[in-house]
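K.L.:
predicted model and sequence follow; I will ask about them next.
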Amino acid sequence: MLDTLGIDAPTAFLLVLALGLALSFEFVNGFHDTANAVATVIYTNSLKPGYAVVWSGCWNLIGVLTSSGAVAFGIVALLPVELVINVGSGAGFAMVFSLLLSAIIWNVGTWYLGLPASSSHTLIGSIVGVGLMNSLLSPGSAFGDGVNWAKVADTVKALVVSPLVGFALAALLLLIAKKVLKNPALFTAPEGKSPPPMWIRTLLVLTCTGVSFAHGSNDGQKGMGLIVLILVGIVPTAFALNMATDSATLDKIRAGSVVVEQKLAAGQTVTLDGAHKTLTEYLRHGQVKPDTLTALGATAGFVNHDLENVKDFNAIPGDQRRALRLNIYLVSESLARMIKAKALPSQLEADATGKYQSTLKGVTNFIPNWVKFAVALALGLGTMIGWKRIVVTVGEKIGKAHLTYGQGASAEIVAFGTIEAADILGLPVSTTHILSSGIAGTMVANGSGIQKDTVRNIILAWVLTLPVCVLLGAALFGAGLFFVLHVIGVH
C-alpha cells in the first residue's frame, strides 16, 4: 500500500497525523461555530435539541458537498509560498501541525468558556504566525517576507466588516418586519416549552437550514483546503493533479503555454531551478523584476514540454506529476497575481490569458469528494456533540430578554445572506461573528437591551483571537520545525 502511494512508514505516520489534525479542527469547528445555527430553533422551541443538531449537521454536509472550493484555496493562498510549494518537507509538516494545533487550542479554550469566538480568525491568525516565524528563521529574509499581506488584508477586512453588516442588517430587518408583518405572535418570546405556531416554526427551521448550509459551504472549506495541501505534498502521485482532466483541457493548456513562452521567453535560456526561484520570489514580494517575465515564459514552456503528446494525466509517471504540478502552480499563481494587480505584460492579451490561467487553476485547485465527505462528517459530529455551551450564550446571554421568534429569524436570514455572498467572493467569514452580531442588533432594535458583561467578553475574545493565535502559531511552528527536522528526521 505504501509503495503504491510512494511514501515510507515515517511519512505515512505524519500523513495520518496531519489528516487527523485537519479533521479535528473541523470537528471543533462543528461544535464551536455550527452551534450558532441551531441556537435560535432550540431557544424558540421550534425543534428539540437532538433533532436540531442532526438537521443542522445534515445541511452542513450538503453545504460542504456543493461548495465551490474558492474559500478553500483562498485560505491556502495566505500561506508562505515556499512552504506551500514544499509542503511535503519537514518545514511543510511543521507548518501544517502548528497552524492546526494553535487553531484547535484556542477554539477549545473559548468553547469551554462559552465564548462564540471565530474559527476563521483563529486559523488566519495561526497562518500569519507561521509566516512570520518562517521569515525569521529563513536566511536572507526580512521579517514578514513570505506572508501574503494583500490577501491577509482582504480577509481581515471581510472578517471585520461582516459582523457590522450582521448587526445593522438584522436590526433593520427586524424593524421592517414589525412594520410590514402585523401578527404579534412573531414578535413575542416563547412561553415555557410549547412550540410556536406551525408557520413560525417553519420559518425558523428554514432560517436554521440556510445558516447551516452556508456554514458548511464556507467554514467547511477551510479544512478542505488544508487537507488537499497535505495530500499534494505527501502523496503527489495520487493528488498532485486533477486526474479527471480531459484531453481537450490539456490541449488548451498546451496552446496557452506556447503563447506565453513565445511572448515572454522566446530565444532565451533559463534553467528550471532558476525559473522556479525567480517566480517564488515574485509571489513572495509581488515585484515584477526584469527576469520575472522571462522566468514566467520559460516555466510555461516547461509545462508545454511536460505535456507533449499527453492526452491523459495517468500517462505521466507518478514521480513526475509533482514536478508538473509545481510548474503549473507557479505559472497560474503568477498570472493570477499580475491580473489582479493590473500588471499583466502588454505582450499578453488579457482575455485569452485570463482563460488560460483559469484552465491551469482547475488542474491544481480541486477537492476529491471523499475529502468533502470527511470534512462534512467531522463538522456534523462536532455539532451533535458539543453544541450546548455556545447555544446557551447565544440564546440566553447576549440580550436581557428572551429571544423572540422574529429576532431569531432576522438574525439567521442576514447570516445566511452574508455568508453566501462571502462564499461567492471566495472570502472566509465567521458564522459566529455574523450571527452573534445579528442577535445583538435585533436586541437593540427591539429595545430589549444587551447584557454588557457577555458582549464585553465576546468582543474581548474577538479582539484577542488574532494576536494570540499569531503568537501561538509562531511558537508552535518553531517548536514543530525543530521536532520534524531533528527528532523525526524529515527534511
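P.N.:
Thanks, I have the structure now.
K.L.:
what average pLDDT does the helix or strand harbouring V41 get?
P.N.:
Using DSSP states H and E, V41 falls within helix 35-43. Taken as a whole, helix 35-43 has a mean pLDDT of 75.
K.L.:
hey, which helix or strand in this protein has the poorest pLDDT?
P.N.:
helix 2-5 (a mean of 56; mean pLDDT, DSSP states H and E).
K.L.:
counting by contacts, list what the next helix or strand after that one packs against.
P.N.:
Per DSSP H and E, the first helix or strand lying C-terminal to helix 2-5 is helix 9-29. Judged by 3 or more CB pairs under 8 Å, 6 or more residues apart in numbering; DSSP states H and E, helix 9-29 is in contact with helix 2-5, helix 90-112, helix 119-137, helix 198-234, helix 369-386. To be clear about C-beta, it is placed using only N, CA and C from the backbone, and glycine gets the same treatment.
K.L.:
tell me the most buried of the ones you listed?
P.N.:
Stretch with highest mean neighbour count among these: helix 119-137 (a mean of 26; mean count of other CB atoms under 10 Å).
K.L.:
tell me what angle it forms with helix 198-234.
P.N.:
Interaxial angle of helix 119-137 relative to helix 198-234 (axes from the mean of the first three to the mean of the last three CA atoms, to 10 degrees): 20 degrees.
K.L.:
can you get me a residue count around L360?
P.N.:
Neighbourhood size, L360 [other CB atoms under 10 Å]: 26.
K.L.:
wait, what's in contact with it?
P.N.:
Each residue near L360 by CB atoms under 8 Å, 6 or more residues apart in numbering is listed here: 253, 256, 303, 328, 331-332, 335.
K.L.:
export these to CSV and tack on neighbour count and secondary structure?
P.N.:
Shown next, in CSV, are the contacts of L360 (neighbours: other CB atoms under 10 Å; DSSP: H, G, I helix; E, B strand; the rest coil):
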residue, neighbour count, secondary structure
I253, 22, helix
G256, 23, helix
V303, 24, helix
I328, 25, helix
V331, 29, helix
S332, 21, helix
L335, 24, helix
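K.L.:
can I get the residues you listed in JSON lines including pLDDT and distance to W111?
P.N.:
Compiled in JSON lines, the contacts of L360 are given as follows (pLDDT from 0 to 100; distance: CB to CB, whole Å):
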{"residue": "I253", "pLDDT": "96", "distance to W111": "45"}
{"residue": "G256", "pLDDT": "95", "distance to W111": "47"}
{"residue": "V303", "pLDDT": "95", "distance to W111": "45"}
{"residue": "I328", "pLDDT": "95", "distance to W111": "40"}
{"residue": "V331", "pLDDT": "95", "distance to W111": "42"}
{"residue": "S332", "pLDDT": "95", "distance to W111": "38"}
{"residue": "L335", "pLDDT": "95", "distance to W111": "41"}
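K.L.:
and which of those is nearest A244?
P.N.:
Nearest to A244 out of those is I253 (CB to CB; 14.5 Å).
K.L.:
quick one, what contacts that closest one?
P.N.:
For I253, the contact set (CB under 8 Å, 6+ apart) comprises 303, 307, 328, 356, 359-360, 363.
K.L.:
W55 too?
P.N.:
With CB under 8 Å, 6+ apart, W55 has these contacts: 38, 47, 205, 208-209, 212.
K.L.:
okay, stretch 367-381 in CSV with CA atoms only?
P.N.:
The C-alpha coordinates for stretch 367-381 follow below in CSV (Å, rounded to 0.1, in the frame of the first residue of the first chain):
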residue,chain,number,x,y,z
ILE,A,367,-11.1,18.8,-4.0
PRO,A,368,-11.7,15.0,-4.0
ASN,A,369,-15.3,14.0,-3.0
TRP,A,370,-14.0,11.8,-0.2
VAL,A,371,-12.3,14.9,1.4
LYS,A,372,-15.6,16.8,1.3
PHE,A,373,-17.4,13.8,2.9
ALA,A,374,-14.8,13.5,5.7
VAL,A,375,-14.9,17.2,6.5
ALA,A,376,-18.7,17.2,6.4
LEU,A,377,-18.8,14.2,8.8
ALA,A,378,-16.3,15.9,11.2
LEU,A,379,-18.4,19.1,11.2
GLY,A,380,-21.7,17.2,11.7
LEU,A,381,-20.3,15.1,14.6
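K.L.:
what average pLDDT does it get?
P.N.:
Mean pLDDT, computed over stretch 367-381, is 85.
K.L.:
can you list the neighbours in contact with it?
P.N.:
23-24, 26-27, 29-30, 34, 57-58, 60-61, 64-65, 67, 69, 72, 215-216, 219-220, 223-225, 227-228, 231, 239.
K.L.:
what does stretch 244-251 give?
P.N.:
Here stretch 244-251 has contacts from 307, 310-313, 359, 362-363, using CB under 8 Å, 6+ apart.
K.L.:
closest one of the residues you listed to M243?
P.N.:
Nearest to M243 out of the contacts of stretch 244-251 is F313 (CB to CB; 5.1 Å).
K.L.:
I'd assumed T237 was in contact with the closest one.
P.N.:
No. Using CB atoms under 8 Å, F313 is not in contact with T237, being 11.0 Å away.
K.L.:
between those two, what contacts are shared?
P.N.:
R321.
K.L.:
any idea how far G92 is from A18?
P.N.:
From G92 across to A18, the span is 10 Å (CB to CB, to the nearest Å).
K.L.:
output the contacting helices and strands for the helix or strand that contains L159.
P.N.:
Using DSSP H and E, L159 sits within helix 149-180. Helix 149-180 sits against helix 119-137, helix 405-425, helix 431-446, with contacts defined as 3+ CB pairs under 8 Å, 6+ apart.
K.L.:
CSV for the ones you listed, including distance to D145 and mean pLDDT?
P.N.:
Shown next, in CSV, are the helices and strands packed on helix 149-180 (distance: least, CB to CB, whole Å; pLDDT from 0 to 100):
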stretch, distance to D145, mean pLDDT
helix 119-137, 5, 84
helix 405-425, 27, 84
helix 431-446, 30, 83
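K.L.:
I'd like those helices written out as a markdown table, with distance to P317 added.
P.N.:
Listed next are the helices and strands packed on helix 149-180 as a markdown table, based on distance: least, CB to CB, whole Å:
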| stretch | distance to P317 |
| --- | --- |
| helix 119-137 | 32 |
| helix 405-425 | 38 |
| helix 431-446 | 44 |
